[in-house]
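1. After the sequence you'll find the predicted model.
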Amino acid sequence: MGKVGVTMEVGSDGVAVMKISNPPVNALAPIIIRGLKDKYLEAMKRSDVKAIVLTGEGGAFSGGFDINVFRTVHKTGDLSALPDVSVELLVNIVEDGKKPSVAAIQGLALGGGLELTMGCHARIAIPRVQLGLPELTLGVIPGFGGTQRLPRLIGLSKAVEMMLEAKVSDELVLSSTAKGLVHAFFAQRLTSKVPGVTDVGLKPRQIKKVAVIGGGLMGSGIATALVLSNISVVLKEINPDYLQKGMKTIQANLRSLVTRGKMTEDNAKKAFSSVKGVLDYSEFNSFNMHKDWQKSDRAVFLQAVIENVSLKQSIFSELEKVCPPHCILATNTSTIDLNLVGEKTTSQDRILGAHFFSPAHVMPLLEIVRTQKTSPQVILDLMTVGKVIKKVPVVVGNCTGFAVNRTFFPYTQGAHILAHLGVDVFRIDRVISNFGMPMGPFQLQDLAGYGVALAVGKEFVSAFGDRTFRSPLVELLVKSGRNGKNNGKGYYIYDKGSKPKPDPSVLPIIHESIRLTNIMPGGKPISVTDQEILEMVLFPVVNEACRVIDEGVVVRASDLDIASILGMSFPKYRGGIIFWGDLVGSSHIYTSLKKWSEAYGSFFKPSRFLEERATKGMLLSEPASTSQPSRSRL
Ligand SMILES: C[C@H](O)CC(=O)SCCNC(=O)CCNC(=O)[C@H](O)C(C)(C)COP(=O)(O)OP(=O)(O)OC[C@H]1O[C@@H](n2cnc3c(N)ncnc32)[C@H](O)[C@@H]1OP(=O)(O)O
């Protein structure tokens, strides 16, 4: 770890080279800002200094203002922790200074880092530097004068305006949006720290090749993600037709990136040429035998076949016979128990789940599911593959639905209960999308297809029967010839080229389901506000998230925040499901759920963890005290 501070060396030519040092990205922490001020004042005073070159240590200029300070301000509400950089340092000292400053940029200059360069009198950069003002992604605006200088690159006469800017910036720092986004920034980085895996001195091994078994929607999406990051793929299918279909899907995925200007034709061709289609395992035993490979290199065998336990079991048994013993055996599954999948092998230590979200080459989350037997090295290796292919890997324990699907199964359930209590499905969808989800639960069901809803529903009924709402609605929809977006008819009508439109002809089917389930109190629709609709859909999700934390399915509560943002598109600016739950307050969530469980049944019953947190007035995100027995599945 380099020394944190600002250094200055004055050459015989009268140029003072000032270097910001705060590894890894030279964030502008208060100590750096103080250092800059001191060194600048010294440079201005010294007669041997004629000009200043401002740069950063270790290959980067600066990644911007230290985001940890925002966190402190969010905790305390005290804005005085924010130093006055825009006027005091940049206008009065740097810009107004009598000696010229040149910013020498390498690596990156982001946010406050870039604004610092704008305050200098000139800027020089090496090619391929990363420049940007990403403040909005944290819910704040460039607060060091960047909004003024960037358009004009001059700001002396605009000092007053800049101060007003500074005022808006201060207000935004305290907004719940900034709090949520800053939380998400750190929560995302924390997912890469997994106790017992990333802190025990293990080194990730290079993965150069992945065999993907199954070229359906998921398999071809995963293969696309891999070749996009230069990992070569052997795609195995069971017959030439399926194989050709899989290869075509990969090609189409790549072509759509070219069409959208995200990659060049040449690169797409190169990527496609690193997929090899095969129909048997004959190629697999030569994996890791390549002459260029180090002993420590590994290959991953990833099965992306349909959710069928015996099929997954037999594939792993076959793989165990044909592939070298140090290869990793992963399976893409969204719900199936991993202990079961590995049961018929003696390779449990190298078996783990790689749950990609569809479309796999687009969605950023990779849920890595470990069992009690998976070795830390194998987990670390798959985390590394995840990062290489630009996913955010979140390591979770084994249970039905793992972290994301399990936490979110009550989302659709709550919406269905409301519909059967007589609340309009389109109103429910509107309320939920106004909250910030990209679409409501009914439209989401249309998008995922009813086959998925029925299959996943069965898994949850058998695992969590005590809190599953069973209704015949989806079956009735299928019987009436609807299959959601797949066939253009669901709760909504899907006409090519136009937005989904609510379909009034679905209402009689819903009424039939209401009649069959008969849960409306006194046979009459309940009357609820939009706020109650929101809470009746989302509080059960928070409740299940509490169980997931309590059972140790996730390393820490904030991992669920990231999993909910990246896997379920929970609004990032709300910080994730647990962060939002804490903003709302465990006590309000608990009392509401209790009231609804008395009125509408056990689906709403508050979990033990929620009850305890509410009673003790503790945050849901607070780690359990060490005196409590560990129930971890990790
Ligand atoms: C008033 C001003 O206008 C306001 C501002 O300047 S707000 C800040 C604007 N700057 C930003 O938003 C940049 C945020 N940082 C990033 O996008 C990325 O970290 C990056 C592109 C700089 C580097 O990415 P990458 O190489 O993948 O490394 P990454 O893991 O993200 O970061 C490395 C470490 O630096 C930390 N870090 C990065 N930027 C930071 C910052 N601005 N403040 C504090 N810590 C920061 C990360 O938390 C991480 O810490 P960890 O190792 O303890 O987890």
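-> Happy to help now that I have it.
2. For the host helix or strand of residue 310, what does the pLDDT average out to?
-> If you go by DSSP states H and E, residue 310 is part of helix 309-322. Here helix 309-322 scores 87 as its mean pLDDT.
3. Got the phi and psi for the residue in the stretch 151-300 of the chain positioned nearest to the ligand?
-> Nearest residue of the stretch 151-300 of the chain to the ligand: residue 189, at 3.7 Å (Cβ to the nearest ligand atom). Quick note: C-beta positions are derived from backbone N, CA and C, even for glycine. Dihedral pair for residue 189: phi -70, psi -30, per degrees, to the nearest 10.
4. The residue of the stretch 51-200 of the chain found nearest the ligand: what's it in contact with?
-> Across the stretch 51-200 of the chain, no residue is closer to the ligand than residue 111, which sits at 2.4 Å (Cβ to the nearest ligand atom). Neighbouring residues of residue 111 by Cβ atoms under 8 Å, 6 or more residues apart in numbering: 63-65, 132-135, 142, 146.
5. residues in contact with the helix or strand following the helix holding residue 310?
-> Per DSSP H and E, the first helix or strand lying C-terminal to helix 309-322 is strand 328-331. Residues from elsewhere that reach strand 328-331 (Cβ under 8 Å, 6+ apart): 207, 298-304, 312, 316, 319-320, 338, 341-342, 345, 347, 350-354, 378, 381-382.
6. I'd like to know the average pLDDT value across strand 328-331.
-> For strand 328-331, mean pLDDT rounds to 91.
7. From the structure, what's the count of residues near whichever residue of the stretch 501-634 of the chain sits closest to the ligand?
-> Residue of the stretch 501-634 of the chain nearest the ligand, by Cβ to the nearest ligand atom: residue 558 (12.3 Å). Residues near residue 558, counting by other Cβ atoms under 10 Å, number 22.
8. Looks to me like it is in a strand.
-> No. Under DSSP: H, G, I helix; E, B strand; the rest coil, residue 558 sits outside any strand and is assigned helix.
9. Leaving out sequence neighbours, find the closest residue to it.
-> Among residues not flanking residue 558 along the chain, residue 187 sits closest, at 3.8 Å (Cβ to Cβ, 6 or more residues apart in numbering).
10. Quickly note the distance from that neighbour to residue 586.
-> Distance of residue 187 to residue 586, computed by Cβ to Cβ, to the nearest Å: 19 Å.
11. Got the phi and psi for residue 397?
-> phi -90, psi 170.
12. And for residue 139?
-> Taking degrees, to the nearest 10, you get phi 80, psi 10 for the backbone angles of residue 139.
13. on that earlier part again, who's in contact with the closest residue to the residue of the stretch 51-200 of the chain closest to the ligand other than its chain neighbours?
-> Nearest residue to residue 111, sequence neighbours excluded (Cβ to Cβ, 6+ apart): residue 64, at 2.8 Å. Residue 64 makes contact with 27-28, 110-114, 134-135 under the criterion Cβ under 8 Å, 6+ apart.
14. Just the buried ones out of those, please.
-> Taking 16 or more other Cβ atoms under 10 Å as the criterion, what is buried in the contacts of residue 64 is 27-28, 110-114, 135.
15. For residue 212, state which of those residues is nearest.
-> Among those, residue 110 lies closest to residue 212 (Cβ to Cβ), at 35.8 Å.
16. Now do the contacts for that closest one.
-> By Cβ under 8 Å, 6+ apart, residue 110 lies in contact with 62-64, 130-134.
17. so which of those is the most crowded?
-> Counting by other Cβ under 10 Å, top hit in those: residue 62 with 30 neighbours.
18. Which residues are in contact with it?
-> Contacts for residue 62 (Cβ under 8 Å, 6+ apart) come out as 20, 25-28, 56, 108-110, 112-113, 116.
19. near the ligand, which residues of the chain?
-> Within the chain, the positions adjacent to the ligand are 24-25, 27, 63-68, 108, 110-112, 115, 134-135, 138, 140, 142-144, 189 by Cβ under 6 Å from any ligand atom.
20. Swap in 5 Å and give it another go.
-> Contacts of the chain with the ligand, taken as Cβ under 5 Å from any ligand atom, map to 24-25, 27, 63-67, 110-112, 134-135, 142-144, 189.
21. Filter the residues you listed down to the ones in helices?
-> Secondary structure from DSSP state H places 67, 112, 189 of these in helices.
22. List just the nearest of the residues you listed to residue 42.
-> Of these, the one sitting nearest to residue 42 (Cβ to Cβ) turns out to be residue 112, at 21.8 Å.
23. Touching, the closest one and residue 28? I think so.
-> Yes. Residue 112 lies in contact with residue 28 (Cβ atoms under 8 Å); the separation is 5.0 Å.
24. if I look at those two, which residues touch both of them?
-> Residues touching both residue 112 and residue 28 by Cβ under 8 Å, 6+ apart: 62, 64-65, 85.
25. Check pLDDT for those residues and point me to the minimum.
-> Least confident of the shared contacts of residue 112 and residue 28 in the model: residue 85, at 78.
26. Run a quick neighbour tally on the closest residue to it other than its chain neighbours.
-> Once flanking residues are discounted, residue 85 sits nearest to residue 144: 4.8 Å by Cβ to Cβ, 6+ apart. Using other Cβ under 10 Å, residue 144 has 32 other residues around it.
27. Contact partners for residue 144?
-> 65, 85-86, 90, 112, 115-116, 119.
28. Over to residue 224?
-> Taking Cβ under 8 Å, 6+ apart, one finds 249-250, 253-254, 360-361 in contact with residue 224.
29. Can you list the buried residues in the strand or helix carrying it?
-> Here residue 224 sits within helix 217-228, counting by DSSP H and E. Buried residues in helix 217-228, counted by 16+ other Cβ under 10 Å: 218-228.
30. what pairs with the helix or strand immediately after that helix in the chain, and is each one parallel or antiparallel?
-> Per DSSP H and E, helix 217-228 leads on to strand 232-236 as the next helix or strand towards the C-terminus. Applying DSSP bridges, strand 232-236 is found paired with strand 207-213 (parallel), strand 275-278 (parallel).
31. Give me the mean pLDDT for strand 232-236.
-> On average, strand 232-236 scores 92.
32. Figure out how far the helix or strand following it is from the centre of its chain.
-> Remark: after strand 232-236, the chain's next helix or strand is helix 240-259, criterion DSSP H and E. When C-alpha coordinates are averaged (Cα atoms, centre = their mean, to the nearest Å), helix 240-259 and its chain have centres 26 Å apart.
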